[in-house]
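Asker: requesting a structural model of the entry that follows:
(chains A and B)
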Amino acid sequence: DTEVTQTPKHLVMGMTNKKSLKCEQHMGHRAMYWYKQKAKKPPELMFVYSYEKLSINESVPSRFSPECPNSSLLNLHLHALQPEDSALYLCASATSGRGNTGELFFGEGSRLTVL
Amino acid sequence: SQQGEEDPQALSIQEGENATMNCSYKTSINNLQWYRQNSGRGLVHLILIRSNEREKHSGRLRVTLDTSKKSSSLLITASRAADTASYFCATEQHSSYKLIFGSGTRLLVRP
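Answerer: Coordinates of the predicted model:
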């Protein structure tokens, strides 16, 4: 199984809502990533988990809260978002995240719209 | 924090022609990778070249890396309409292990 599965595919939320994005992989990878991508722009790194520990936080606002319950699952909890947070949120996994990681395997993304 | 710039930003070619995209980056790297993205979809890994390698081939893809100039190129030979997509270079930074994407090239292959 070489898939990274993201749910939901589409999410519309108000600025006062609390929602979560979910990501799952069963490749035995120990590094998991969240990227944010706006239209016609490259993906921007948000968070990296390595061996279930948060290793990189790219100064992301606290209204985004990542969680890695186990090595297969990655969540992104969303609270009090702004309309400018509307974007495609991409999850990825890699073997270890500790240098010369190799390729990242990406999910299809969750398209978030904040009203 | 965007590491790389790509050029051209957009490229339109006829099916059968070759497509060349260039990537420049700023800091020391462990490796450089190329990804493809169809509109609004996830990214797909194409090829990885390590900092001690100069050239790599995979099928119709050829990647070069010049660490002295901090630049890389991706050549797609004998392009097909199905190659239409956005192509991104991504560099794994030597100091932080972050994988940072370049600005991307939008490729259109006309049938």
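
Asker: identify all contacting residues around stretch A:72-86.
Answerer: Contacting residues not belonging to stretch A:72-86 are listed as A:13, A:15-26, A:32, A:34, A:46-47, A:49, A:63-69, A:89, A:91, A:112-115 [CB atoms under 8 Å, 6 or more residues apart in numbering or on different chains]. For glycine as for every other residue, the C-beta is placed from the backbone atoms N, C-alpha and C.

Asker: what do you get if the cut-off is 6 Å, keeping everything else the same?
Answerer: Under the contact criterion CB atoms under 6 Å, 6 or more residues apart in numbering or on different chains, stretch A:72-86 has outside partners A:18-26, A:32, A:34, A:63, A:65-68, A:91, A:112-114.

Asker: same question for stretch A:93-107.
Answerer: With CB under 6 Å, 6+ apart, stretch A:93-107 has contacts from A:4, A:6, A:23, A:25, A:29-32, A:48, A:50, A:90-92, B:30, B:42-43, B:45, B:48, B:97.

Asker: tell me the buried residues within the contacts of stretch A:72-86.
Answerer: A:19, A:21-25, A:32, A:34, A:66, A:68, A:91, A:112, A:114 (16 or more other CB atoms under 10 Å in any protein chain shown).

Asker: okay, among the residues you listed, which ones form the most distant pair?
Answerer: Across the buried ones among the contacts of stretch A:72-86, no pair lies farther apart than A:25 and A:114, at 26.3 Å, counting by CB to CB.
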